[in-house]
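Student: Below are the sequence and a predicted model for it; my questions follow.
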Amino acid sequence: MSTIANDGSAVIQRQIDVTPAHAPSLVTTDALLVAYEIEQTAKVIREGKYQRIALQFPDELLTHSTIVSAELQSRIDNPAPKVFILADTSYGSCCVDEVAADHYSADLVVHYGRTCLSLSSRTPVYYVFGREPLDSEHCAKAVSEKASGNLLVLSDVPYAYAVPDVAQALAQQHIDGKPVFDSVVASEITVADRLYDPKTDSSDIVPGRSWQLPDDASIADYSILYLGAESLTLTNIMLTMRCRAVLSYDPHTRLLREESHQVNRHLARRYKMVQHARDADVIGIVVGTLAATRYLRVIETLKAMIRRAQKKYYVFVVGKLNVAKLANFAEIQTYVLVACPENSLVDSKEFFSPVVTPYEMQLALSKSRQWTGNYVTDFHAFLDDAERELEEEEGPEDDRPHFSLITGTLKQNRRFNDPRQSSSESTQLATRNTHTEIAQYMGSAGAEHLLTRSFRGLGHGDNDDAKDHSDEPALAVEGRSGIARGYDNER
Amino acid sequence: MDASTYDEFGNYIGPELASSSEEEEESDYEAEAVHGDMADGPDGMDRMDEQSDQEEHSGGESGGYSELTAMARRMDIAQTQVVLHEDKKYYPDAEEVFGPGVEALVQEEDTQPLTEPIIAPIKVRKFQVDEEEGLPDTSYTKEFLVDLLGYPAMTRNLAIAGHLHHGKTALVDLLVASTHVWPEWDKAAPMATPTTKMPKPSEKAFGYTDVHQLERQRGVSLKAMPISLVAQDTKGKSYALNIIDTPGHVNFFDEVVASLRLADGLVLVVDAVEGVMANTERIIQAAVRERLSITLVVNKVDRLILELKLPPADAYYKLKLTIEEVNSVIAACPLATPSMCLSPELGNVCFASTSFGWCFSLQSFAKRYVEEWDMPVSPKELAKRLWGDVYYHPERRTFMRKRAEGGKEAKRSFVHFILEPVYKLFALVTSEDEPRLRPALEALGVHLRKADYVMDVRGLLRRVLCQFFGPPTGFVDMCSAHVKSPVDNAAIKTEHLYTGNMDSEIAQAMRSCSADGPLVISVVKQYPSSDASQFYALGRIFSGTVTTEQAVRVLGENYTSGDDEDMALATVSGAWLYCSRYKIPVSGLSAGSWVLLGGVDGSISKTATIFDTTTVSEDDLAIIRPLQFSAESVMKIAVEPVVPTELPKMLSGLRKIGKTYPLVQTRVEESGEHVILGTGELYLDCIMHDLRCMYSEIEIKVADPVVSFRETVAETSALKVFGDSPNGKNRLTMISEPMEKGVAEDIESGKVLLSWPARQVGQFFESNYNWDILAGRSIWAFGPGDCGPNMLSDDTLPGETNKTRLRAVRDAVKQGFQWAAREGPLCDEPMRNARFRILSAELAESAIHRGGGQIIPAARRVCYSSFLTAEPRLMEPVNFVEIQAPAACVSAVYTVLGRRRGHVTHDAPKAGSPMYMIKALIPTIDSSGFETDLRTYTQGQAFCQQYFDHWQVVPGDPLDKGMVLRPLEPSSGQQLARDFMLKTRRRKGLSDDVSIDKFIDDPELLDIVKSFEAM
């Protein structure tokens, strides 16, 4: 809200706490060249003959951005492509900020740093993960002391290069002449070291990590070793994988931790949110990404599901979430956040209404579906499931009240946009009350809420602050269209 | 391999290994086959297999062709005949073997365990005792009962309540036995009182209204059960009695409250020896609150004779004491009037020994005398002289007021006319044997069969007394005279309960109990069908007539005329008179009676109000007030299905539990656990039984019981704490302080409501708590909810703060406060007894900058920070315990209590009994298992009842990090608060640390707060 009111100086002066990327060695340009894979990047650009290249940096790597861009620029001179730096991304810096890239008509985005690996929908992307040092021998030793059996090795992106090494080292661990691990499977990142182009790559690429388990094994038989510090990626892995145990090895601190027991607790808390969502009549769909492929389809699917459940939805685009932004809409009882897998798990304890993921919303809306402890954050899995379900479950639901586990009583849900309410009712005369508002709002949740609210928007007759504004209603005027760099009428 | 040489156990049974003559083998098999026929089916078949191998020599693969042989024999085909392969019929089909209509299943391998039957028997789901053959025979016709209910003036609605084991169910049994054909009752011998001797199951008389499995197993009522019957008073006039028998255990007090809602009068049952106990007191208070007339039955008079062996004169004093105890409790109630006083000569007290099958009032006893001796007085006049300081001189045959006048001869009239004959009868029956007893009894008009005389003495005594006293006409007398009929009571009940406009058409019809008015039914309880698959709703018809197939509106507890969310339409699929073990189907019932409705329960959680759809316009609808419980559910258990996929079953079970237990709460906690909140151990135990056996039929894991906590403050905030909204344009300053003692309780019980005009609220606090008149008026909100025991008030000064702007954000601040009060900062438990005062507010000029999004989170944070600077404390629930123990056990009771942080508040012998009564307080969290512990320690001699009493601050500072908690060691003393807080936080998945830093942005303020903390 503050950006509307002030001149924006606050934003410029705002200090952001950034944990410096732990790579103090990256002071020399040579080190930077290696870490940022500048040679390879230049090669990709030259091969693709890209002209406008956007370099997207997360906040913590921004200090290197100028050097990297200069170096990169110097290496690609065929007929003078342009290199831009993108920073302060609208949503999470883990996603490719396609919209920002579009503003500069970029034809390639080079993404640096941590990423959630959700794929872009239009622009080709080249991911540079950076490489951080990892002592695979130490790691393998530490792990073999704690775990045995089957092991699947996953990693945070900076350590992706080291996964095969670690897997090999693990396979060589022996105790009393026997190998410690029955089987060690290394994962790989599908988009590592190659250009991803949504136009040419077939859409069935599963984003993120992939691995090949032996045919007769399932993930439930495996323990997972995660290379990297505690992060959203790790949380996400722990939630979605029903494996035996999760170990995490932080190469920086060289510590091995067992993570598993926290998961159930975390899941259980999400369960409570699902119950909240079940009770909600008015739902806000918050767009938390503009990059991940299929986010539009997810939103459409959610809309269809909510409509079928005869609840009311509103769609919000608020940029990065915060408490104050969402608390402005008190009539919304639950928000569902459509974001990349790593950003969609919001701890909404501080929020006025709970924020759930699309999968949780689906659980809440579906009568047949039940909470099993399985969890989906990935759009692909969610969409496959949800769209199939939409086809299967037909017809409006019954009118019976459901048993709310939040209040412990039966709750009669309100019905918005009920197809059975014939339009003839809307022709009835409605009575006016003292405020000369028409009391019948045709099932509009927002209008109903407006009645009970003290602030009712600008230019409303009985508003205290109306002195600046004319009380007269004005005709709506068409605004400007285009993007902020140059609106259509400015061209 | 020749399998045939081995039997089914693998033992070698073939010929001797050396010689292998085929003939020998064959004979062997024949012998075996005969043997095999005698064995079980499958074995026999195996044997046939073997045989066929031998005979056919055709099977390269052994076995499997047995059927062929069998068939071949049957069909008389010569063994030598050549049959082409394609013509051979290898197997007879199932129809040929077993006849038509039989499905044959062939399984290669036995996949089912032996324990599992191949064809599962049809499972009969039945959790209740019902009359097996429809409606039982009664002394009246069912039509008569239903017709009589059409005359509300001839109907009485009674709730029978009392302390545990004081004989409520037995009293109902007495009424049932006098009107129903009930063989079980006739056979059963009276049950000895529990303190003297545990009855053998065989000799136990089951209560007619104890129909639930558990009730019968445990011998204690757990559910309030109604029964409607016709009974005659002493004059032979018939009354229709709607009776609801309530459980006596304190945990089930909610059932009593629900029952009182239905009734017009309370029949209080009190044990003559034990007198008024904890639950008796609570029942009286509840009945007075519900504005019911109270009548008393002094039960178990036999205990005075058989157990305490009191002489008649002392027995009188004991009875008198018991009645006076009741009277003093009634008098202590705030709403009681002198007219509610109980005394036998007024006719509102009966004496009974329900286990021996008798019950009389003074009047019914007097009538006996009058009729027997043909006295020229009315029974009423005689009855007046049979209680109190009235003495009878047998020589002079006069009554007198003073004993001195009659000298030694004169005896108290009650002793002379009533107690002594009863004593004599007891003495006669217990001491004499048949030859001498029979003539004596015949003279009294008691005719027994020969078989009766060989019964044991208790059984015989019951037979005799049952016949001697006859049906409980005195009880009917008492009820008809002292309990108002539904018509007379309608106005009182309507005014007390109806929330709508008293002048409306509906209210008028309710006040006159009109059968022609609009239909109004108050549903208070739901009962499962005997297979627990559906629910019926029991309610009282306040006005109108309900018929089957009628369309009705069902209004839930949250219905208000502006918000019709909590309303559902339903059709009455059936209407019955509910008589515990049977239901009498009726086509319609009218105002004043109770009705059991089918088809309406779909939207009812606990209680509901039912209106018809035709006669009433929607604007006039208002609900009948939901039940008000004086108790709170504080004990909680977390449940989880053993097999996670069975969660839906458990949820539907929980839903049904919520319907049938009035005070239970089921919900999901922040931690994601399903918790059940109940009043006590027995309560939760019964819920778990119902959940596991009746409603879900799955295995369920249960966590150890825990309790809810509350968060409170001990001091006023150390400094004024302010907090900014996210945009930095609004600043709220607050302090937090504890409220005066009693304010929280007043808010909770609804003694002060914010829906009142501010003036009245101000006056309330001015007169009751000496508040400044303005302080009372500036209260903005109670929370959480409308009656939460916390308060938000606006103490800003007009000079400092822009009041107009503050008023504009009032709703948002209130929401923030409600949120904070619902989830306290210590461990997410609700706050209690905290008052938040807004001292100043700087608010943005334009409305857009002080929207809800800015103010709500800010208000919540300031509430938290002011709370944390005001010495936050944790509160825990405390139970009141009443322990009844013989004198020798008292010290043991003290020991047990001491180990559980309990302490004794009162300890005195019970007058006229060998027992001690100990009243104590014990923290609820330590009370689980207390009862078992107590009984173990006292060899089962002490008996306790406990219920939630109040909230108490847990010793110690929950934020004191200096407290070192050692794992696996019980915390004590000052460590407790921190221990409870941390464990609750961990259970809920919160971080261990509670830090004020999270709630204060301003670094300077934070420094100051920190420095205060350091001090």
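Tutor: Done, it's in.
Student: residues from the stretch 651-800 of chain B in reach of chain A?
Tutor: Residues of the stretch 651-800 of chain B found near chain A (C-beta under 8 Å from any C-beta of the partner chain) are B:651-652, B:654-655, B:658, B:664-674, B:725-729. The C-beta positions use only the backbone N, C-alpha and C, and glycine is treated the same way.
Student: if you set the cut-off to 10 Å instead, what comes out?
Tutor: Residues of the stretch 651-800 of chain B lying near chain A by C-beta under 10 Å from any C-beta of the partner chain: B:651-652, B:654-659, B:664-677, B:725-729.
Student: Do you know the pLDDT at residue 134?
Tutor: Unless you meant another one, I'm taking chain A. pLDDT for A:Leu134: 83.
Student: oops, I was thinking of chain B
Tutor: Looking at B:Gly134, its pLDDT stands at 78.
Student: With chain B as the reference, measure out to A:Asp378.
Tutor: To chain B, A:Asp378 is 22 Å away according to C-beta to the nearest C-beta, to the nearest Å.
Student: how deep is the closest residue to that residue other than its chain neighbours tucked in, by neighbour count?
Tutor: Excluding the flanking residues, the one nearest A:Asp378 by C-beta to C-beta, 6 or more residues apart in numbering or on different chains is A:Pro341, at 5.5 Å. The number of residues packed near A:Pro341 is 27, by other C-beta atoms under 10 Å in any protein chain shown.
Student: Now for A:Pro341: which residues touch it?
Tutor: By C-beta atoms under 10 Å, 6 or more residues apart in numbering or on different chains, the contact list for A:Pro341 reads A:94, A:116-118, A:207-208, A:232-233, A:236-237, A:239-240, A:289, A:292, A:357, A:376-379, A:381-382.
Student: rerun that using 6 Å as the cut-off
Tutor: Listed by C-beta atoms under 6 Å, 6 or more residues apart in numbering or on different chains, the contact set of A:Pro341 reads A:116, A:236, A:377-378.
Student: Which ones among the residues of the stretch 651-800 of chain B next to chain A lie within helices?
Tutor: B:651-652, B:654-659 (DSSP state H).
Student: List only those of those flagged as buried.
Tutor: Neighbour counting by 16 or more other C-beta atoms under 10 Å in any protein chain shown classes B:651, B:654-659 among these as buried.
Student: Just give me the residue right at the centre of chain B.
Tutor: In chain B, the centroid-proximal residue (C-alpha atoms, centre = their mean) is B:Phe252; its distance is 3.6 Å.
Student: Name the nearest residue to the residue of the stretch 151-300 of chain A found nearest chain B, sequence neighbours excluded.
Tutor: As assessed by C-beta to the nearest C-beta, chain B sits closest to A:Ala268 within the stretch 151-300 of chain A, at 2.6 Å. Of all residues not flanking A:Ala268 in the chain, B:Gly672 sits nearest, at 2.6 Å (C-beta to C-beta, 6+ apart).
Student: Adding pLDDT as columns, could you present the buried ones among the ones in helices among the residues of the stretch 651-800 of chain B next to chain A in JSON lines?
Tutor: Output for those, formatted as JSON lines (pLDDT from 0 to 100):
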{"residue": "B:Leu651", "pLDDT": "88"}
{"residue": "B:Leu654", "pLDDT": "91"}
{"residue": "B:Arg655", "pLDDT": "89"}
{"residue": "B:Lys656", "pLDDT": "90"}
{"residue": "B:Ile657", "pLDDT": "91"}
{"residue": "B:Gly658", "pLDDT": "89"}
{"residue": "B:Lys659", "pLDDT": "89"}
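Student: Just the closest of those residues to B:Asp488, please.
Tutor: B:Lys659 (32.6 Å; C-beta to C-beta).
Student: which residues sit in contact with the residue in the stretch 501-650 of chain B positioned nearest to chain A?
Tutor: Nearest residue of the stretch 501-650 of chain B to chain A: B:Ser605, at 3.8 Å (C-beta to the nearest C-beta). The contact partners of B:Ser605, taken as C-beta under 6 Å, 6+ apart, are A:409-410.
Student: Give the pairing partners of the host helix or strand of B:Phe722; include direction for each.
Tutor: Element membership for B:Phe722, per DSSP states H and E: strand B:721-724. Strand B:721-724 has the following strand partners under DSSP bridges: strand B:731-738 (antiparallel).
Student: any idea of the mean pLDDT for the strand it pairs with?
Tutor: If you average the pLDDT over strand B:731-738, you get 92.
Student: starting at the chain centroid, how far to it?
Tutor: Between the centre of strand B:731-738 and the centre of its chain there are 42 Å (C-alpha atoms, centre = their mean, to the nearest Å).
Student: before we move on, what about stretch A:169-182?
Tutor: Remark: stretch A:169-182 is offset 39 Å from the chain centroid, using C-alpha atoms, centre = their mean.
Student: Repeat that for stretch B:923-934.
Tutor: Its chain's C-alpha centre and that of stretch B:923-934 lie 20 Å apart, by C-alpha atoms, centre = their mean.
Student: mind putting the ones in helices among the residues of the stretch 651-800 of chain B next to chain A in TSV, distance to A:His402 included?
Tutor: Conversion of those to TSV gives the following (distance: C-beta to C-beta, whole Å):
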residue	distance to A:His402
B:Leu651	10
B:Ser652	11
B:Leu654	12
B:Arg655	9
B:Lys656	14
B:Ile657	16
B:Gly658	12
B:Lys659	14
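Student: with the buried ones among the ones in helices among the residues of the stretch 651-800 of chain B next to chain A in mind, which one is nearest to B:Asn157?
Tutor: Nearest to B:Asn157 among those is B:Lys659, at 23.0 Å by C-beta to C-beta.
Student: mind checking how far that closest one is from B:Glu131?
Tutor: Going from B:Lys659 to B:Glu131 by C-beta to C-beta, to the nearest Å gives 24 Å.
Student: For B:His212, the count of nearby residues, please.
Tutor: Applying other C-beta under 10 Å, we find 23 residues neighbouring B:His212.
Student: State which one residue of the stretch 701-850 of chain B is found closest to chain A.
Tutor: Relative to chain A, the nearest point of the stretch 701-850 of chain B is B:Pro726 (3.8 Å; C-beta to the nearest C-beta).
Student: how close does that residue sit to A:Arg131?
Tutor: According to C-beta to C-beta, B:Pro726 stands 39 Å off from A:Arg131.
Student: Have a look at these two and say which one is more surrounded.
Tutor: Under the criterion of other C-beta under 10 Å, the comparison of B:Pro726 against A:Arg131 puts B:Pro726 first, with 20 against 17.
Student: which residues touch that one?
Tutor: Contacts of B:Pro726 were listed using C-beta under 6 Å, 6+ apart, and they are A:Ala324.
Student: Spell out which residues of the stretch 251-400 of chain A are next to chain B.
Tutor: Residues of the stretch 251-400 of chain A lying close to chain B by C-beta under 6 Å from any C-beta of the partner chain are A:265, A:268-269, A:271-272, A:275, A:323-324, A:327-328, A:330, A:352, A:370, A:373, A:400.
Student: Just the buried ones from those, in PyMOL syntax?
Tutor: Only the buried entries of those go into this PyMOL selection, using 16+ other C-beta under 10 Å:
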select buried, chain A and resi 268+269+271+272+275+323+324+327+328+330+352
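Student: what sits against whichever residue of the stretch 301-450 of chain A sits closest to chain B?
Tutor: Chain B sits closest to A:Asn328 of the stretch 301-450 of chain A, with a gap of 3.3 Å, by C-beta to the nearest C-beta. Going by C-beta under 6 Å, 6+ apart, A:Asn328 touches B:851, B:853.
Student: Tell me, what's the model's pLDDT at it?
Tutor: At A:Asn328, the model reports a pLDDT of 79.
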